[in-house]
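Q: Predicted model, plus sequence, below.
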Amino acid sequence: MSAKIGDLSFGVALENQHLIAKPVKKYLETLGSADEVLVAEIRPDFSDSLAFCEEYRISPEIGANCLIVEGVRGENKKYAACLVPINSRANINSIVRKQLDARRASMVSKVFAVSESGMEYGSITVVGLPKEWPILIDKSLVALPQVIIGAGLRKSKLLVSGKFLSELLGAVVIQGLAT
């Protein structure tokens, strides 16, 4: 299976393991449908959303960003991943905070995100995150036939379907997650 979008050619992720982070590979190996997850190599200096879209002629409407957040209530801390369209922001102070049953919620530090995900900053993805973290996904993404997300390494991007995202372990589809 392969696909061409903009100036990128995507191939099966597990056949191109040098382009995916170890946690992504480990997760994909557990799936029966892993051949539906495609990967393309990019230049790491164009990994950031809008620069990526411009460089590779990709519509921003099919891209998504993953943010790692922390919710705190007293001594309890909960972590989650938020997946939102690249041209939006996650509604952390309202929707995410309520979803995590927290008094306050915020993005985690770069050091924490990298060490706990096992992925490179700027390409952390929802595929292969710690299983105890819920994956909060904006509802607008699950209807898309193709979504481009990080691959865990700045040198690549994954191509998945919105349906695939909604079926990830721990996925919670939320209307209004993105603002």
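A: That came through fine. Not measured: the values here are computed from a predicted model. Numbering: from 1, shown residues only.

Q: Give me the distance between the spatially most central residue of the chain and Ser33.
A: Against the mean C-alpha coordinate of the chain, by C-alpha atoms, centre = their mean, the closest residue is Thr125 at 3.3 Å. Applying C-beta to C-beta, to the nearest Å, one obtains 17 Å for the distance of Thr125 from Ser33. (Glycine included, C-beta is placed from N, CA and C.)

Q: Also Ser9?
A: Counting by C-beta to C-beta, the separation of Ser9 from Ser33 is 21 Å.

Q: cool, Glu54 as well?
A: Counting by C-beta to C-beta, the gap between Glu54 and Ser33 amounts to 31 Å.

Q: Which pLDDT value belongs to the residue lying farthest from the centre of the chain?
A: Relative to the average C-alpha location in the chain, and by C-alpha atoms, centre = their mean, no residue lies farther out than Gly74, which sits at 28.4 Å. Per-residue pLDDT puts Gly74 at 93.

Q: Repeat that for Ala51.
A: Per-residue pLDDT puts Ala51 at 89.

Q: Which residue lies closest in space to Ser123, excluding its sequence neighbours?
A: On the basis of C-beta to C-beta, 6 or more residues apart in numbering, the spatially nearest residue to Ser123 that is not a chain neighbour turns out to be Gly150, at 3.8 Å.

Q: That'll do, ta.
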